[in-house]
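> generate a structure from the sequence data that follows.
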Amino acid sequence: MFLIIFSIILISFKCILTQNSFNKYPKREDFQDEIDGKKVDLYFLTNINGYEISITNYGGIIVSIMAPNRENQFENIVNGFSTLKEYINHHKKGMKINSLLGRYANQIKNGEFILDNKLYKITDNSNFGEKVWTANQINSNELRLYLTSEDGDCGFPGRLHIEVIYTLNDKNELKISYDAITTKKTVINLSQRLFVNLEGGYNNEINNHILNINSKLYLPTDENKIPLGDIAPVNNTKFDFKKGKIIGEKKLDNYFIIDNKIAKKKQGYEKGALLEDKKSGRIMYIYSTEPGFYIDSDKYGISIEPMNFPNSPNVGYFPNTILKPGHIYKQETIYKFDVK
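The predicted structure follows:
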C-alpha cells in the first residue's frame, strides 16, 4: 500500500509540473506568511554577475534561479510555482517540489527498516520539505536554515538537529552544505529536489537538453522504483550518458552511481553530471560528495539530486547511511552555472 500510494503521488506530481508555467520572477510578499506560529519568508542570494537565487524557509524550497543566456538575458530556470500557497497545497498532497528531502531522500522499501534488531515503520521518509525551518541570512551570499526533527518524527529514531547552508559565490556556484547530529542511532540521507529547465521561459520542453553523467553503473528497480539490490552497467542501455546525449523523449527516474575514476575532481568533490541547453547556451555542472545521483525528468524539467543509495538501510552491501550519536553527518553539493 505504501508503494502504491507513492507511485500515484509521483504520477500526479508529473502531471502538475507539465501543466505549470515557470516563475518569471518571484514576489517576496507571495511567500510571506505564518505557519503554526513560525514566520515564512523569501530570501535572496546575489553575486556580482547578476545571478539571483530565491529560497523560502518553508521546506528549503529553491523558488528561482535567475541566470543569463548567451544574449545576457536573465530568466528563471527553476520549474516550480509562483506562490507559497501553491507549494503548500501540493506538499499536502505528498508532492515535494524543489524542496529539501529528508530524513531519508528517495525510497525505503515498504516504509520500514531494521536497526539494532528493532523494526521501525516510517509514515513519511521525506517530510522536511513541508517544515518551516529557522532562517538566518548571513549576508547577500549566504543563507542558513536550521531544523530539529524530534525523536520518533515519522517513525525515525533520534532527535536530529540539521543545518543547511546555501552559498552563492562570484564564480556562479550555488553550494549546499548539510550537517546533522542525532541523539540516537538513526539513518539519514539528505538532498535537495530542484527541477530546472535551462531554456527558461514558459513551458519550454527539455528535449534538446544534453545530459552527461559520469556513471558506468546504475541501480535497476522494480515496478515501484525500489532498487532490486543488484548494480548494473549502463553500457548498451538507455542509461548510458557517459559521452553526453540529448535527453529527447526519454523519461528518467533512476539512480546513477558516480564513477570517481572518470569524474573530474573539484576541491574534493566529484563532477557527477553536466546539463546543457544549446538554444540558450546555459550550462549547469553538478559536483557532490555523495556516491550518486537520483535523476528525475519529464517534458518540462529535470532534477539531479545528489544522495546516498535509495533503500540502503535494507540492503547490507549498499553504502552505510547510519548516523550515531557523537558523529556528524556531512554532505555538500555544488551547482555551477555557465553560458557559452
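
> so for stretch 312-323, what gets flagged as buried?
The neighbour-count check on stretch 312-323 (16 or more other Cβ atoms under 10 Å) flags 312-315, 318, 321, 323 as buried. Yep, even glycine has a C-beta here, placed from its N, CA and C like the rest.

> kindly report the same for stretch 288-308.
In stretch 288-308, counting by 16+ other Cβ under 10 Å, buried: 288, 290-308.

> picking that back up, farthest-apart pair in the buried residues of stretch 312-323, please.
315 and 323 (17.4 Å; Cβ to Cβ).

> can you map out the helices along the stretch 51-200 of the chain?
84-92 (DSSP state H, counting those that start in this stretch).

> residue 200 contacts residue 280, doesn't it?
Yes: contact between residue 200 and residue 280 holds when scored by Cβ atoms under 8 Å: they sit 6.4 Å apart.

> list residues touching both of those two?
69, 75 (Cβ atoms under 8 Å, 6 or more residues apart in numbering).

> need the pLDDT of the residue of the chain most remote from its centre.
Computed with Cα atoms, centre = their mean, the residue of the chain farthest from its C-alpha average is residue 117, at 31.0 Å. Note for residue 117: predicted pLDDT of 97.

> so residue 195 touches residue 305, yeah?
No: assessed by Cβ under 8 Å, residue 195 is found out of contact with residue 305, at 10.0 Å.

> overlap in contacts of these two?
residue 296.

> taking the buried residues of stretch 312-323 one by one, which sit in strands?
residue 323 (DSSP state E).

> include distance to residue 110 and pLDDT when you put the buried residues of stretch 312-323 into JSON lines, please.
Shown next, in JSON lines, are the buried residues of stretch 312-323 (distance: Cβ to Cβ, whole Å; pLDDT from 0 to 100):
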{"residue": "312", "distance to residue 110": "14", "pLDDT": "97"}
{"residue": "313", "distance to residue 110": "11", "pLDDT": "97"}
{"residue": "314", "distance to residue 110": "8", "pLDDT": "97"}
{"residue": "315", "distance to residue 110": "13", "pLDDT": "96"}
{"residue": "318", "distance to residue 110": "16", "pLDDT": "97"}
{"residue": "321", "distance to residue 110": "17", "pLDDT": "98"}
{"residue": "323", "distance to residue 110": "22", "pLDDT": "98"}
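
> so which of the buried residues of stretch 312-323 comes closest to residue 39?
residue 323 (29.1 Å).

> what's near enough to touch the closest one?
So residue 323 contacts 158, 180-182, 185-188, 329 (Cβ under 8 Å, 6+ apart).

> those, buried ones only, as a ChimeraX selection?
Burial among these is assessed by 16+ other Cβ under 10 Å; the matching ChimeraX selection reads:
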select :158,180,181,182,186,187,188,329
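
> widest-spaced pair of the contacts of residue 323?
Between any two of the contacts of residue 323 (Cβ to Cβ), the greatest distance is 14.2 Å, for 181 and 187.

> low pLDDT regions in the stretch 1-150 of the chain?
1-24 (pLDDT under 70).

> mind listing the strands for it?
33-35, 38-40, 42-46, 52-56, 61-68, 74-76, 100-101, 112-115, 118-121, 134-139, 142-149 (DSSP state E, counting those that start in this stretch).

> and those as a markdown table, adding mean neighbour count and distance to residue 233?
Output for the strands of the stretch 1-150 of the chain, formatted as a markdown table (neighbours: other Cβ atoms under 10 Å; distance: least, Cβ to Cβ, whole Å):
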| stretch | mean neighbour count | distance to residue 233 |
| --- | --- | --- |
| strand 33-35 | 13 | 46 |
| strand 38-40 | 15 | 45 |
| strand 42-46 | 19 | 39 |
| strand 52-56 | 25 | 36 |
| strand 61-68 | 24 | 33 |
| strand 74-76 | 20 | 37 |
| strand 100-101 | 26 | 27 |
| strand 112-115 | 16 | 28 |
| strand 118-121 | 12 | 33 |
| strand 134-139 | 14 | 43 |
| strand 142-149 | 19 | 37 |
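
> save those as CSV, and put in distance to residue 27 too.
Conversion of the strands of the stretch 1-150 of the chain to CSV gives the following (distance: least, Cβ to Cβ, whole Å):
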stretch, distance to residue 27
strand 33-35, 13
strand 38-40, 14
strand 42-46, 8
strand 52-56, 10
strand 61-68, 10
strand 74-76, 12
strand 100-101, 22
strand 112-115, 42
strand 118-121, 41
strand 134-139, 18
strand 142-149, 18
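
> of those, which approaches residue 82 most closely?
Among these, strand 61-68 comes nearest to residue 82, with 8.4 Å by Cβ to Cβ.

> now the angle from that closest one to strand 52-56?
Strand 61-68 runs at 170 degrees relative to strand 52-56, counting by axes from the mean of the first three to the mean of the last three Cα atoms, to 10 degrees.

> what's the offset of strand 61-68 from the middle of its chain?
14 Å (Cα atoms, centre = their mean, to the nearest Å).

> same for that strand, what does it pack against?
strand 52-56, strand 74-76, strand 329-339 (3 or more Cβ pairs under 8 Å, 6 or more residues apart in numbering; DSSP states H and E).

> of these, which is nearest residue 101?
Shortest distance between residue 101 and the helices and strands packed on strand 61-68, using Cβ to Cβ, is found for strand 329-339: 11.3 Å.

> what residue ranges in the stretch 201-340 of the chain are flagged as low confidence?
Where the stretch 201-340 of the chain drops to pLDDT under 70, the residues are 201-202, 261-270.
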